[in-house]
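Asker: After the sequence you'll find the predicted model.
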Amino acid sequence: MITESDARQLTELLGLPETKVEDMTMIDGVGLFFVISPTRRDAECPRCGKRSRHLHENHRYNIEDLPWNQQPVVLRVNRRQFWCQECGQVFSEELAFVKKRRLYTQRLAKQIVGQVLGSSIHSVAARTGLSDEQIETMIKDAGKAYLPESPEPIRYLGIDEIAVVKGQGNYYGVLVNLETHQPITLLPSRTQEGLRQVLSQWGPEVLEGIEGVSIDLWKPYQSLVKEMMPNATIVADRFHVTKLVNEELDNERKAEKRAAKKIAKKAERERVIEGLNGSKYALLKNEGNLNEKQKKKLIEVSEVSPKLATMHRLKEEFREIFESFENWAEGTLKLLDWMADSSTFFNQSCGTIKRWFDEVTSYFELRITNGVVEGINNKLKLIKRLGYGFGNFDNFKLRALLPWVFPFETP
Ligand SMILES: [Zn+2]
């Protein structure tokens, strides 16, 4: 047995609330073994809330705690059972540092979760000797502790999607707080019903407080936002609109390439094909970001195709409008001018812009976009690549959202 003064010191070092150390031994191959007990003499009945001092029986078992100097630490705890006079039933007490039915302290779980969020379940399991299942349980507990069912008030919301596996047409929906740039939650698929379910949990207070929502060009989301967020201005995400314009330009490039192959005169055919070859990024990239080779290509393609040259100029103008005009009236007038110039070249894009005109021009007022989703998506891709031993959507969601709210300890 250790002395009383050792016990006092060890109690302080261990630093667990409402707990005292009674004994400590070092066991070869195991580590440090502490016998601890609660300092309170009573406990609160979970049914009626009354405190009871009627000890029913002691219940001792071992749990794991944070290591000391790389020595594993095992705590022999006593979770006592009390008899509640009020309810006439026995209950087991809550301990501040270990959840019921968990064989490790909460601070150990927190450390492990922090490690897993920075690497993978398998590598942390291998390093700590914990099983994948134990670690998954720790992460689920962390999800309950740190991820709220209903978010804090949101001013600007982004609704978008991320590809689960690129090219497979399988998407998760993602809701983003556009002020904090943090994902709020993920949706297992892109349906109006799925979004409605999540939003219903948020409650009217959060929903009515939302002032602006950035969405891609999907009518079912638009109507749901109108229905559930009465005070929100809907903004068509600028990058989705720009994508339409880019795609239409690229389709024209492909069409001209096909047409060029049918030119009868050989010399002319070769000249046009040569000019069009390798012109995709020269046409699509922002002109300001072109390298020397691409700049040269842009001139070449403009020489063989006046139509692509015009469409390229209009595409650049389109971006310019969204980048520079900061008030609604100016931006809207400028966009109308652009549409007048572009209707023959960008027939489809102009059609879509007309159908979404209010939403597209609301950008000039609120200037919100879903641009941040790309960065979030990159982080999620990393999570997917590392595997983490998570097979289903709920686990992936947990793993994806926790890093944004988890209180990592700064070393
Ligand atoms: Zn009771």
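Answerer: Received, thanks.

Asker: Please count neighbours and contacts with C-alpha atoms only from this point.
Answerer: Will do.

Asker: From the contact counts, what lies against the helix-or-strand element of the chain with minimal mean pLDDT?
Answerer: Least confident helix or strand of the chain, by mean pLDDT, DSSP states H and E, is helix 372-386 with a mean of 81. Packing partners of helix 372-386 (3 or more Cα pairs under 8 Å, 6 or more residues apart in numbering; DSSP states H and E): helix 393-405.

Asker: who's in contact with the helix it packs on?
Answerer: Contacts to helix 393-405, defined as Cα atoms under 8 Å, 6 or more residues apart in numbering, come from residues 117, 139-140, 142-143, 146-147, 182-186, 188, 380, 383, 390.

Asker: buried residues in it?
Answerer: Across helix 393-405, burial judged by 16 or more other Cα atoms under 10 Å covers 395-403.

Asker: And for the nearest residue to Thr332 once chain neighbours are set aside, the neighbour number?
Answerer: Among residues not flanking Thr332 along the chain, Thr361 sits closest, at 5.9 Å (Cα to Cα, 6 or more residues apart in numbering). Residues contacting Thr361 under the criterion other Cα atoms under 10 Å number 24.

Asker: What confidence value was assigned to Thr361?
Answerer: On pLDDT, Thr361 comes in at 96.

Asker: element containing it?
Answerer: Element membership for Thr361, per DSSP states H and E: helix 357-366.

Asker: what about that helix, distance to the chain center?
Answerer: 26 Å (Cα atoms, centre = their mean, to the nearest Å).

Asker: returning to what we had before: just the buried residues of helix 393-405 that are near the ion?
Answerer: When contact is defined as Cα under 5 Å from the ion, the buried residues of helix 393-405 do not meet the ion at all.

Asker: Doesn't Val164 belong to a strand?
Answerer: Yes. Under DSSP: H, G, I helix; E, B strand; the rest coil, Val164 sits within a strand.

Asker: Tell me which other helices or strands the one helix or strand Trp83 maps to touches.
Answerer: Assigned by DSSP H and E, Trp83 falls within strand 81-84. Counting contacts by 3+ Cα pairs under 8 Å, 6+ apart, strand 81-84 packs against strand 51-52, strand 55-57, strand 89-92.

Asker: Compute the inter-axis angle for the longest helix seen in the chain and helix 357-366.
Answerer: If you go by DSSP state H, the chain has its longest helix at helix 238-260. Here helix 238-260 runs at an angle of 120 degrees relative to helix 357-366 (axes from the mean of the first three to the mean of the last three Cα atoms, to 10 degrees).

Asker: outside of helix 238-260, which residues touch it?
Answerer: By Cα under 8 Å, 6+ apart, helix 238-260 touches 216-217, 269, 272-273, 276, 280, 283-284, 308, 311-312, 315, 318-319, 322, 346, 348-349, 353, 360, 363, 369-371.

Asker: Tell me which helix or strand comes right after that helix.
Answerer: helix 266-276.
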